[in-house]
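Asker: Quick one: sequence and predicted model below, then my questions.
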Amino acid sequence: MRNTLLCLALLLATHFAQAAGPIVALVELHKREGVYWLAGDQQAFTGTAEAPHRRHELKDGRLHGLTRYYWPNGKLQYEAEYEKGAVHGYVRRYYENGQLSYEGSRWKGREAGIAMTCYFEDGREMNPCNGNAMTGGTR
């Protein structure tokens, strides 16, 4: 049990260490050739960038870690894990009412692993997925 707790603590510490760095407003960053830079810095930005309705974790100027978008009502709209600028891990999109719209996983930006699963706005599973679920009902 003690070893399990130690491993869990180490895993959490590693995750949060990746997200280490300053938190800045997204408008303070400049994007050149797909890489984000903080004005005046000679090094690509590593840290968290925030804007109204979104939050990005960046490493070496590229999306790396959790990215989230929010509806104007404050509810989560989209969340995905990124690695070196590409979606890499789980992806979830939500309807404005907070209901899950779709979920799946990506490997270096491409569908992989868990098949994409879509849902109607009332929570029932949709098979096959359609464009309305993929956009969270914004079409």
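Answerer: That came through fine.
Asker: can you give me the mean pLDDT across stretch 51-70?
Answerer: What stretch 51-70 shows for mean pLDDT is 95.
Asker: mind showing which ranges of this protein have poor pLDDT?
Answerer: Counting by pLDDT under 70, the chain shows low-confidence ranges at 1-20, 106-115, 130-139.
Asker: Helices of that one, start to end?
Answerer: 2-18, 131-134 (DSSP state H).
Asker: Glu33 is in contact with Ala44, correct?
Answerer: No - between Ala44 and Glu33 there is no contact under C-beta atoms under 8 Å: 10.3 Å. Just so you know, the C-beta spots here come from the backbone N, C-alpha and C atoms, and that holds for glycine as well.
Asker: Neighbour count for these two, which is higher?
Answerer: Ala44 (16 against 6; other C-beta atoms under 10 Å).
Asker: any idea how far Leu38 is from Ser105?
Answerer: Distance, Ser105 to Leu38, by C-beta to C-beta, to the nearest Å: 31 Å.
Asker: Strands along the protein, start to end?
Answerer: Using DSSP state E, the strands of the chain run over 23-25, 29-32, 35-38, 47-51, 54-59, 62-70, 76-83, 86-94, 100-107, 110-111, 117-119, 125-126.
Asker: what angle do the fifth one and strand 47-51 make?
Answerer: Direction vectors for strand 54-59 and strand 47-51, defined by axes from the mean of the first three to the mean of the last three C-alpha atoms, to 10 degrees, enclose an angle of 160 degrees.
Asker: In strand 54-59, which residues are buried?
Answerer: Arg55, His56, Glu57, Leu58, Lys59 (16 or more other C-beta atoms under 10 Å).
Asker: One more: the second one?
Answerer: The neighbour-count criterion (16+ other C-beta under 10 Å) identifies Leu29 as the buried residues of strand 29-32.
Asker: on contacts alone, who are the packing partners of that strand?
Answerer: strand 35-38 (3 or more C-beta pairs under 8 Å, 6 or more residues apart in numbering; DSSP states H and E).
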